[in-house]
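Student: dropping the sequence and predicted coords here.
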Amino acid sequence: MPRLGADGAPPVLPIASLLVGAAALVFAGVLVLLAPGAFTAYLGTPRVVALNHVYTLLFVGLVFVGTLQQLPAVMFVTRLAWPRLGWATLPLFFAGGVAVVVGFFRTFDPAWLAPGAAAVSLAMLAMLVQLVRTAAQRWPKDPGSHALLLSAAFLTLAVLLGFTLASARTTPALAARVGYPVQLHLTVGLFGAFLLGIVGSGQKLLSMFALSKGGPQWRVRCATYAVSAAVLLEALTAFARLRDPGVALALLAVGCFFQAWEVLGILKRRLRKKLEAPIERYVLAHAFLPLAGLALLFGQGGAAAILFLVGFVGLAVSGMLVKILSFLTWTWQFAGAATGGVSGGAPLLRDLVRNELEPLITWGLAVAALALAGATIWRLSVLASVSGAATLLGGAALLLQAGHVVGVTVRAKRRLAAAAAGKLAKAAGVEDAHA
Amino acid sequence: MADKFLDNRGLEPPNPMIRTLEALDEMAPGEVLTIHNDRVPVYLLPQLADAGAEYEVLEQDDGSAQVRITKGA
């Protein structure tokens, strides 16, 4: 018999993904601390590219694909197709991601990069098919869901482009044929996948957590169109040798602008005046969008990418990670019962989070982004060290928070089960005595 | 007083949740609200506990779900 309301994958899959994602952030902090000087010179070195993929694949990527195991069922109001597929795709994605990181560390070693990129690509393709199959059961009409679908398609494209780049390193014929589309890989990954993922899922989740009534969603649609058009233009530039004087960049800026505007709109309509700390972090993340734009205007492309990835994406994803994990773990343990509520003994959502950890996560990641961007602009390795320490602090606080959420909820369920078993045994003892 | 009823079917998330919590907010303790949603509203259930309410989920044959919510003190 199916578990009550079990429309997504087994909850242990997304929960494990989110926990491993948080652990990857700690690892990223350690890596920056070990070689701060790497950020004061050319940013295309094996170490920096490896670290970049720890962040994009093992932190943000794992949180993204883990969320795809539960959120689409809620957003599309249907059941996830092939809910057990995640048992294969999530470990494959993780193992492939680790191999890619090792490959970059070993100075772009194709023996690691090629199988790693192939594994991540295969996992993402399977997850994309799963997502489209889920949506096809009840095709969503709202722009937020469309943005989420597109973001998954772009993440798949980003890893396929990564696979192409890895293959081009070992096969000159392929490199001669397709070139070396690094810029396209970056645009598709950072904006197509991550920005649109935040646009799509954030629009629903922020509305839900801030209790904001549905309003006009044209800004979500505009952000989606602008980013998609930019990706198309970048693709034409990479493969059809089209000359772009900067239109793609302008479209990406427009996409970011509409996302920030949509967040403001949702906040204006909200019923819950006091936002919880993880949601405040998600909102604060958007302050990094104009900062990244400013860095770009001053010709600091590396700093702009860091402010976007570590500042905007890092803060937004870590904010939603805590909230999603709270809901996921609670529903995993307690929503299976047909009855429940305040007297049932289940912990309250607000009691799952350790409030003292939240500022450490928020300010740790914010300082990490600013210091690392500063390190690349002023070529100061001390700033990179500050960034590494701040990432380590923020990541450790996030991992502790995630572990606390899961631990508190699971222990509460065990206590309730033990108490119920004790009551049953007592009742059986009374019946035996009567007999 | 008669129980209140909200038909949330066909509404786009998160409107069913917001509609339900808004209705609950306007009710007196002990009053009962029954909602009918397209699916079991798993993300609403912890919010109900946080709002001090009790609930009973009744899954329907067509995949939809009714939830009987009693507002707490």
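Tutor: That came through, no problem. Numbers count the residues shown, from 1 in each chain, chains lettered A, B, ... in the order given.
Student: average pLDDT across stretch A:400-409?
Tutor: In this model, stretch A:400-409 has an average pLDDT of 97.
Student: distance between that stretch and the chain's centre?
Tutor: Stretch A:400-409 sits 19 Å away from the centroid of its parent chain (CA atoms, centre = their mean, to the nearest Å).
Student: which parts of the stretch 301-435 of chain A sit against chain B?
Tutor: A:326-327, A:330-331, A:334-335, A:338-344, A:346, A:348-350 (CB under 8 Å from any CB of the partner chain). For every residue, glycine as well, the C-beta is placed using N, CA and C.
Student: sort out for me which of those are in helices.
Tutor: Of these, the ones assigned to helices by DSSP state H are A:326-327, A:330-331, A:334.
Student: name the member of those residues with the most neighbours.
Tutor: Tallying neighbours with other CB atoms under 10 Å in any protein chain shown puts A:Trp330 at the head of those, with 28 neighbours.
Student: if I look at that residue, how far off is B:Glu56?
Tutor: Shown here: A:Trp330 relative to B:Glu56, a distance of 18 Å by CB to CB, to the nearest Å.
Student: follow-up on the earlier one: just the buried members of the residues of the stretch 301-435 of chain A next to chain B?
Tutor: Buried members of these, counted by 16 or more other CB atoms under 10 Å in any protein chain shown: A:326-327, A:330-331, A:334-335, A:340-342, A:346, A:349.
Student: so which of those residues sits lowest on pLDDT?
Tutor: Here the lowest pLDDT out of these sits on A:Val342, with 67.
Student: just checking, which helix or strand of the chain averages the lowest pLDDT?
Tutor: You didn't pick a chain, so chain A it is. Least confident helix or strand of chain A, by mean pLDDT, DSSP states H and E, is strand A:339-341 with a mean of 72.
Student: think we crossed wires, I meant chain B
Tutor: Min over SSEs of chain B, mean pLDDT, DSSP H and E: helix B:44-50 (a mean of 88).
Student: what is the neighbour count of the residue in chain B positioned nearest to chain A?
Tutor: Residue of chain B nearest chain A, by CB to the nearest CB: B:Val40 (3.0 Å). The tally of other residues near B:Val40 (other CB under 10 Å) stands at 26.
Student: mind checking pLDDT for the residue most central in space within chain B?
Tutor: When CA atoms, centre = their mean is applied to chain B, the residue found nearest the centroid is B:Ile35 (4.5 Å). Note for B:Ile35: predicted pLDDT of 96.
Student: so what's it bridging to?
Tutor: B:Leu6, B:Val67 (DSSP bridges).
Student: how about A:Tyr55, what does it touch?
Tutor: A:Tyr55 sits next to A:24-25, A:28, A:309-310, A:314 when contact means CB atoms under 8 Å, 6 or more residues apart in numbering or on different chains.
Student: turn those residues into a markdown table, columns for secondary structure and pLDDT.
Tutor: Shown next, in a markdown table, are the contacts of A:Tyr55 (DSSP: H, G, I helix; E, B strand; the rest coil; pLDDT from 0 to 100):
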| residue | secondary structure | pLDDT |
| --- | --- | --- |
| A:Ala24 | helix | 98 |
| A:Leu25 | helix | 98 |
| A:Ala28 | helix | 97 |
| A:Leu309 | helix | 98 |
| A:Val310 | helix | 97 |
| A:Gly314 | helix | 98 |
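Student: I am finished for the moment; much appreciated.
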